[in-house]
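Engineer: show me the folded form of this:
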Amino acid sequence: MRVELLCTGDELVTGLITDTNSAWLEARLFDLGVKVERVTLVGDVRPDITQALLEAASRADVVVVSGGLGPTSDDFTLECAAAAAGVPLEEDARVLGWLRERYAARGAPINPSALRMARIPRGAEPVRNPEGSAPLVALTLGRCRLFFLPGVPREFRALSDGVVLPRIQAELASRPGRVFRSFRLLRTVGIPESELDLAVAPLAPLHPRVVFGFRTHAPENHLKLMAEALSQGEADAALAGAEADSRRVLGARVFGADSEEYVPVLLGLLRRAGATLATAESCTGGLIAQRITEIAGASDVFVGGAVVYAEKMKSAWVGVPPEVLARHSAVSAQTALAMAEGVRAACGATYGLSVTGYAGPGGGTPEDPVGTVYCGLAAPGLPTRVDRLSLSGDRGRVRLFAASHSLEMLRQHLLTVAARS
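Structural biologist: Numbers count the residues shown, from 1 in each chain. Presented below is the predicted three-dimensional model:
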């Protein structure tokens, strides 16, 4: 099955917003065994949208279109769909009823602009939107089925999950000679994409039914495994073999699979160890603490963190001796060590993490240029570990990879402790 995505809107082609709908739907379709063939972005130009619809419909079995279904004058995707199909727009009584119910529930009178959303191409199928006003509209062009969805991510995802994906799955199941697929996404940190490719390259000839692919989602790199066979059992077995070999080669650099996220995995290790964590951050400005506290329930293992940006705060809040700062500077292995040990002691935590460095674009010294970061890990019964990093890229990238490295120091330590116990 060939599936394409078509996203409309000037805001997408001018960089005002990012197209997050396509990435989300691509991942959901991949879980069904469908790899999206093409994603097209089109601005708010009627002839361009009409032509894009005709071209996509001539190539694909299914086209998912997002954007341009609302009540304003620049929402004319369905006009273009009607033009592509050679049919008029007509007011649909079902959609009109849904709109009136929605506005009545909000205690607001329906306005003329809202009535635009009730006009759909003749012969199209509307589906009620559980999260908004504009309906999903399904339309057939030749052999292609097109699904028109609102661009608002909440509405797009609800209609995709409730309508589009189940229909695609049903179509796949009904096709004769169906190829069965099984998938796994192995998530890694601490290994560049090129090295990840080299590490698993010898495995590909050993698993001819499995496609090895790669995806970068900084600071992570992901290995995509897709097995194909004439039965689901064969596909599952082929995938299991490739996954086992990949895990053996990559070892502890694999932190999770599929939808598992890094921080919840780390928090799980802390819980199983009965341990707690505190952080002292300088150049990352609280990024580590922010990532941790995004996860509900983090308070059972995360004690707290201090953003100790100025030198005096490094001394006042986490106990870095002034003489260490005077002798070695705020960006040094000695300061990172004192920060990690100081925040651990101040918070009474099992572990202390610290980060200090030059994120740029200014600062730095000949010995420690911009991009130099020191990360510290204070643990019970062991000498405090300090890693020196030389990171490239802009300020945001340096901060992101510094925070990631610090957390990974802790995860690898927890894995080692768990293996010994």
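
Engineer: so Val398 makes contact with Leu391?
Structural biologist: Yes: between Val398 and Leu391 there is a contact under C-beta atoms under 8 Å: 4.6 Å. For glycine as for every other residue, the C-beta is placed from the backbone atoms N, C-alpha and C.

Engineer: more neighbours: the two, which one.
Structural biologist: Val398 (25 against 19; other C-beta atoms under 10 Å).

Engineer: who's in contact with that one?
Structural biologist: Going by C-beta atoms under 8 Å, 6 or more residues apart in numbering, Val398 touches 283, 357, 359-360, 370-371, 373, 391.

Engineer: let's go with 6 Å and repeat that
Structural biologist: By C-beta atoms under 6 Å, 6 or more residues apart in numbering, the contact list for Val398 reads 359, 371, 391.

Engineer: who touches both of Val398 and Leu391?
Structural biologist: Listed as contacting both Val398 and Leu391 by C-beta under 6 Å, 6+ apart are Gly371.

Engineer: so what's Ser22 up against?
Structural biologist: Contacts of Ser22 (C-beta under 6 Å, 6+ apart): 5, 39.

Engineer: neighbours of the closest residue to Pro369 other than its chain neighbours, how many?
Structural biologist: The shortest distance from Pro369 to any residue other than its chain neighbours is 7.1 Å, reached at Tyr358 (C-beta to C-beta, 6 or more residues apart in numbering). By other C-beta under 10 Å, 22 other residues sit near Tyr358.

Engineer: what about Tyr358? Give its phi and psi, please.
Structural biologist: The phi/psi pair for Tyr358 (degrees, to the nearest 10) reads phi -110, psi 100.

Engineer: quick check, central residue of the chain?
Structural biologist: The residue lying closest to the centre of the chain (C-alpha atoms, centre = their mean) is His217, at 7.2 Å.

Engineer: from Leu172, how far out is that residue?
Structural biologist: Separation of His217 from Leu172 (C-beta to C-beta, to the nearest Å): 27 Å.

Engineer: just the pLDDT for the residue nearest to the centre of the chain.
Structural biologist: According to the prediction, His217 has pLDDT 91.

Engineer: same question for Ala275.
Structural biologist: Confidence score, pLDDT, at Ala275: 98.

Engineer: that's a strand at Ala104, yeah?
Structural biologist: No: under DSSP: H, G, I helix; E, B strand; the rest coil, Ala104 sits outside any strand and is assigned helix.

Engineer: which residues of the stretch 51-200 of the chain fall in strands?
Structural biologist: Listed in chain order, the strands of the stretch 51-200 of the chain (DSSP state E, counting those that start in this stretch) span residues 62-66, 89-91, 119-121, 125-127, 136-141, 144-149, 180-189.

Engineer: so Leu149 sits right up against Leu136, yeah?
Structural biologist: Yes: in this structure, Leu149 is within contact of Leu136 by C-beta atoms under 6 Å, at 5.4 Å.
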